[in-house]
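Q: this one's sequence-less:
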């Protein structure tokens, strides 16, 4: 059975970690869990979520979470959180819901670029701030910020999406090959619908993966 440790959840004050899906633990706690920095942990409060773990400077009995991760675990500052190693699979597909503005303004390729390297589970809220503390392979964080900001304007740092579907089930990591899209709407790699009989065939283009 994987080890688990009960800790006191604290809200992160660092702007560098804000809304990036990162939990900070004392290095001795990370060692006790048999993990290394930037591997994943499950966080159990009123619900179970997953986050990337990194070494922090706080007390050994404390877990420091950003506001979105704290909410995803159903916790408030000062509550008890149970931390354990997580099993994470590469995501084949992640579908999201969001505001009308986000769905209209953000191409699925842009959303995927912003989510690269993040670990999500069904029902999680997720921000569009790239996980640039320790960028994942394939993530161009400045390009992600520029593309999302260009689409949403100043609201982009506070916009939250909700994870509606993940495949496979459980905790998954968003990769450059992950199909990302809007629930009931556009997805990366989607092709145009076939034309009606007798119509002139347009050029069909497949969206290229984000760089």
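A: The structure has been received and is ready for your questions. It should be emphasised that the depicted structure is a prediction, and the values quoted were computed from it without experimental measurement.
Q: residue 152 touches residue 100, doesn't it?
A: No: checked against Cβ atoms under 8 Å, the pair residue 152 and residue 100 is beyond contact range at 11.9 Å. C-beta here means a position set from N, CA and C on the backbone, and glycine is covered the same way.
Q: those two - which one has more neighbours?
A: The residue with more neighbours, out of residue 152 and residue 100, is residue 152; 19 against 7, by other Cβ atoms under 10 Å.
Q: elements contacting whichever strand or helix holds that one?
A: Under the assignment given by DSSP states H and E, the secondary-structure element containing residue 152 is helix 141-152. Contacts defined by 3 or more Cβ pairs under 8 Å, 6 or more residues apart in numbering; DSSP states H and E place helix 141-152 against helix 100-105, helix 108-115.
Q: looking at those, which is closest to residue 22?
A: Residue 22 lies closest to helix 108-115 among the helices and strands packed on helix 141-152, at 14.0 Å (Cβ to Cβ).
Q: elements contacting the closest one?
A: In this structure, helix 108-115 packs against helix 141-152, strand 179-182, with contacts taken as 3+ Cβ pairs under 8 Å, 6+ apart.
Q: mind listing what's buried along the lowest-mean-pLDDT helix or strand in the chain?
A: Every helix and strand of the chain was ranked by mean pLDDT, DSSP states H and E. The lowest is helix 141-152, at a mean of 91. The neighbour-count criterion (16 or more other Cβ atoms under 10 Å) identifies 141, 144-145, 147-148, 151-152 as the buried residues of helix 141-152.
Q: neighbouring strands of the helix or strand following that helix in the sheet, and parallel or not?
A: Tracing the chain past helix 141-152, the next element assigned as helix or strand by DSSP H and E is strand 160-167. Take DSSP bridges as the rule and strand 160-167 pairs in its sheet with strand 93-97 (antiparallel), strand 125-127 (antiparallel).
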